[in-house]
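Participant: With the input below, show me the fold.
(2 chains)
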Number of protein chains: 2
Amino acid sequence: MVLDIHPPHLLFLGDINNPLDAKTAMGVLEWRPEHCIGQFRLPGCEIDLGLPDLSPAAALEAGARSLLIGVAPLGGEIAPEWMESIRLSLASGLSIVSGLHQRLTAVSGLKSIADAKQLALIDVRVAPDIHQIATGRKRTGKRLLTVGTDCCVGKKYTALAVCKALAKQGVDVTFRATGQTGIMISGSGIPVDAVVSDFVPGVCEYLTPDAGENHWDIIEGQGSLFHPAYAAVTLGLLHGSQPDLMLLCHDPERAAIDGFEAYPIPIISSAIRRYEEAARLTNPVARVAGISLNTAGMNKAQSDKICTEITESTDLPCFDPLKNAIDAMVLDLIS
Amino acid sequence: MVLDIHPPHLLFLGDINNPLDAKTAMGVLEWRPEHCIGQFRLPGCEIDLGLPDLSPAAALEAGARSLLIGVAPLGGEIAPEWMESIRLSLASGLSIVSGLHQRLTAVSGLKSIADAKQLALIDVRVAPDIHQIATGRKRTGKRLLTVGTDCCVGKKYTALAVCKALAKQGVDVTFRATGQTGIMISGSGIPVDAVVSDFVPGVCEYLTPDAGENHWDIIEGQGSLFHPAYAAVTLGLLHGSQPDLMLLCHDPERAAIDGFEAYPIPIISSAIRRYEEAARLTNPVARVAGISLNTAGMNKAQSDKICTEITESTDLPCFDPLKNAIDAMVLDLIS
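Facilitator: Take a look at the predicted model:
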């Protein structure tokens, strides 16, 4: 589960203009700024990470070892219009890191170029060869899982921020990555959405094994129970990880599931009830312990106001982990 | 999705003695008796299908074209103690049909023996190469999905029986197999539990495409929302298949999830509520239209009594499709 992802990286953004499609690049930049040398954008790209725009050759010169595909489109295919940039990067001496479902090693011609130049093609989203049916046995140690009202609402950020804050307070914690970006950030983990469906809960049991009674696994959530395409992955992760606590991640400005306009975002009380009901199959004491908001589009006063409103209506702590100091609060969360 | 499974078969049972582990052999025998020539059992096997015990050579003589592995153990691995029987069958001139996760073609040495004798290794539980994220778009045509309080409670039998009864009444129907045994019986379908988790709902959308407004897809269910290992597969199938109607399959004599004694079977009213709530994400009119019981361990009077009790408490039709005549009733179900 530990992976050498050849940092530092040149972050490839293609020609995207929806910030949600850039979540891989943004996540790596936020949590591993020391791994990010520059950005590589194609004409039409409206996303700017604030890094220097570099060609592969200039990035190599500046110390980069790999081109990291920072785009995560729906479906996870390598777009044909990216191929020229990928080939150019290999020709310039950069390895390639990808978190897409489609394997770099399966793209005709890439492997021979990489081999000839002794460069690596690193596919992060490859399921481990673990054919393990879940046992449903309750494991020792404590677990916190982030869950969401949608994709891209802060499940990974919240898990990383809570893990960092708990570690600062001296709590024995381990971050468990379950998606490609989390794996690129932490250097280990399992991409659960790439696992054969029968094995998802079993692989999640494997990912978060028995541990000391005061140890906390902080587990990155995936998808949403309210997502027409990804709820099954979410449920498998929920059942296999057996969380004691869940943090519900939510974007208060979003009305519909991203990319699925006919599907409304659930109200918070209903989401809490559904997650607790589902999680209690494998852990009868599972509960939502707090609400983590992604208020990227709001100023601090607006963000604080909505946090207060949600705390009043749910009687649970509510915070934006990127706007609020959570170091003290996290100890209350797990107590 | 259409597969040549080389009938007729010699049914291999290994040394099992739990009838639930023989569900592949029993299913093929029940629904395709004309495909079943004999049974092949190892010492210790306590299951008897009522077919002649034949060696592979005798089965070939009697007209068999393949050895069908009729056992479905948890995890889906080929047991080492079966290898001698598989090799003997190939040596005797039978192809091999398997519905296990582990591929016959991946077992060292088998492929060269099969190729040398121009025999086939047929792995039924292989996911199609469809990398399709669900769209959540409501499709035309009507759909009925069987769901369950557990595995092995009659989801496949109920779907096959209802499909047959509707066809007899002149309704335009298609049976959609989603598991290895259903595929062996019907000769087509997709093993959804072998599909990468991200694609399960999308593959189910593909399996049950747009159809005429009076056409019914009768879809074989998988697993159970209340199963600690398989609920994720169940939910993906539920969301992707977008059923208008569900039939809840249930074994009234079972107290706990088979093989997971710490997990109780849910009460029927709770199971109905949970399935309807989950299914309405992608089809707001989805409802449970009836209860299908597996009363294999009861006589007709006992079975009728419990069906009446459940009808009284749920206000839904309740029947055992193998004990009750359902030809007339099915038209009411879908009206």
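Participant: Just the buried positions in the helix or strand where residue A:164 lies, please.
Facilitator: In the assignment (DSSP states H and E), residue A:164 maps to helix A:155-168. Residues of helix A:155-168 classed as buried: A:155-167 (neighbour count, 16 or more other CB atoms under 10 Å in any protein chain shown). C-beta coordinates here come from the backbone N, C-alpha and C atoms, glycine included.
Participant: how about chain A, which residue sits the furthest from its center?
Facilitator: Centroid-distance maximum for chain A: residue A:116 at 33.0 Å, with CA atoms, centre = their mean.
Participant: Give me the phi and psi for that one.
Facilitator: The phi/psi pair for residue A:116 (degrees, to the nearest 10) reads phi -60, psi -30.
Participant: Test for you: state the pLDDT assigned to it.
Facilitator: The model reports residue A:116 with a pLDDT of 95.
Participant: what residues does the helix holding residue A:164 touch?
Facilitator: A:27, A:30-31, A:144, A:146-148, A:173-175, A:177, A:179, A:181-182, A:185, A:216, A:218-222, A:247, A:249, A:292, A:294, A:321-322, A:326-327, A:329-331, A:333-334 (CB atoms under 8 Å, 6 or more residues apart in numbering or on different chains).
Participant: next one: stretch A:72-90
Facilitator: Outside of stretch A:72-90, the residues within contact range by CB under 8 Å, 6+ apart are A:10, A:12, A:14-16, A:21-24, A:40, A:42, A:55-56, A:67, A:69, A:96, A:98-102, A:104, A:107, A:110, A:113-114, A:117, A:119, A:125, A:180-181, A:259, B:131-133, B:198.
Participant: Would you show me how to pick out the buried ones of those in ChimeraX?
Facilitator: Selection of the buried residues among the contacts of stretch A:72-90 in ChimeraX, burial being defined by 16+ other CB under 10 Å:
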select /A:10,12,14,16,21,22,23,24,40,56,67,69,96,98,99,100,101,102,104,107,110,114,119,125,180,181,259 /B:132,133,198
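Participant: Near chain B, which residues of the stretch 51-200 of chain A are found?
Facilitator: Counting by CB under 8 Å from any CB of the partner chain, the stretch 51-200 of chain A comes close to chain B at A:74-77, A:101-102, A:127, A:131-136, A:192-198, A:200.
Participant: and these, which are buried?
Facilitator: Among these, the ones that count as buried by 16+ other CB under 10 Å are A:76, A:101-102, A:127, A:131-136, A:192-198, A:200.
Participant: returning to what we had before: of the contacts of helix A:155-168, grab the buried ones for ChimeraX.
Facilitator: To isolate the buried ones among the contacts of helix A:155-168 in ChimeraX, judged by 16+ other CB under 10 Å, type:
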select /A:27,30,31,144,146,147,148,173,174,175,177,179,181,182,185,216,218,219,220,221,222,247,249,292,294,321,322,326,330,333,334
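Participant: Inside helices: which ones of the contacts of helix A:155-168?
Facilitator: Using DSSP state H, A:27, A:30, A:31, A:181, A:182, A:185, A:329, A:330, A:331, A:333 are the members of these that sit in helices.
Participant: Can you show me the helices along chain A?
Facilitator: Along chain A, the stretches classed as helices by DSSP H are A:23-31, A:56-61, A:83-92, A:110-116, A:155-168, A:180-186, A:200-207, A:231-241, A:268-279, A:300-314, A:329-333.
Participant: In the ones in helices among the contacts of helix A:155-168, find the pair that's most separated.
Facilitator: The span of those, defined through CB to CB, is set by A:181 and A:331 at 27.3 Å.
Participant: ends of stretch A:45-61, how far apart?
Facilitator: End-to-end distance of stretch A:45-61 (CA to CA, to the nearest Å): 24 Å.
Participant: Then stretch A:27-39?
Facilitator: This stretch, stretch A:27-39, spans 14 Å end to end (CA to CA).
Participant: From what I see, residue A:258 and residue A:20 are in contact.
Facilitator: Yes. Counting by CB atoms under 8 Å, residue A:258 touches residue A:20, with 5.8 Å between them.
Participant: Now list whatever residues contact both of the two.
Facilitator: The contact sets of residue A:258 and residue A:20 overlap at A:151, A:152 (CB under 8 Å, 6+ apart).
Participant: Looking at those two, which is more packed in?
Facilitator: Between residue A:258 and residue A:20, counted using other CB atoms under 10 Å in any protein chain shown, residue A:258 has the larger neighbour count: 19 against 15.
Participant: Now do the contacts for the more buried one.
Facilitator: Neighbour list for residue A:258: A:20, A:150, A:151, A:152 [criterion: CB under 8 Å, 6+ apart].
Participant: Make JSON lines out of the residues you listed and add distance to residue B:299.
Facilitator: What follows is the contacts of residue A:258, written out as JSON lines (distance: CB to CB, whole Å):
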{"residue": "A:20", "distance to residue B:299": "60"}
{"residue": "A:150", "distance to residue B:299": "52"}
{"residue": "A:151", "distance to residue B:299": "52"}
{"residue": "A:152", "distance to residue B:299": "57"}
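Participant: Residue B:268: which of the residues you listed is nearest?
Facilitator: Out of the contacts of residue A:258, the member with the shortest distance to residue B:268 (by CB to CB) is residue A:150, at 32.4 Å.
Participant: Mind telling me which residue of the stretch 1-150 of chain A is nearest chain B?
Facilitator: residue A:136 (3.3 Å; CB to the nearest CB).
Participant: Does that residue touch residue A:284 like I think?
Facilitator: No. The pair residue A:136 / residue A:284 is not scored as a contact, 11.9 Å apart, by CB under 8 Å.
Participant: Report pLDDT for residue A:319.
Facilitator: At residue A:319, the model reports a pLDDT of 97.
Participant: For it, list the residues it contacts.
Facilitator: Per CB under 8 Å, 6+ apart, neighbours of residue A:319: A:290, A:291, A:292, A:293, A:307, A:326, A:329.
Participant: quick one on the thing from earlier: who wins on neighbours among the contacts of residue A:258?
Facilitator: residue A:150 (26 neighbours).
Participant: isn't that one right up against residue A:226?
Facilitator: Yes. Using CB under 8 Å, residue A:150 is in contact with residue A:226, at 7.1 Å.
Participant: Just give the number of residues close to residue A:236.
Facilitator: Residue crowding around residue A:236 was assessed by other CB under 10 Å; the count is 33.
Participant: For it, give its distance to residue A:257.
Facilitator: 19 Å (CB to CB, to the nearest Å).
Participant: between residue A:150 and residue A:226, what contacts are shared?
Facilitator: A:257, A:265.
Participant: follow-up on the earlier one: now, the most widely separated pair of the contacts of residue A:258?
Facilitator: A:20 and A:150 (9.9 Å).
Participant: Please name the residues that touch residue A:211.
Facilitator: Residue A:211 makes contact with A:139, A:140, A:141, A:142, A:174, A:217 under the criterion CB under 8 Å, 6+ apart.
Participant: Please name the bridge partners of residue A:97.
Facilitator: residue A:68, residue A:122 (DSSP bridges).
Participant: I figured it was touching residue A:114, is that so?
Facilitator: No. Residue A:97 sits out of contact with residue A:114 when judged by CB under 8 Å, with a separation of 11.9 Å.
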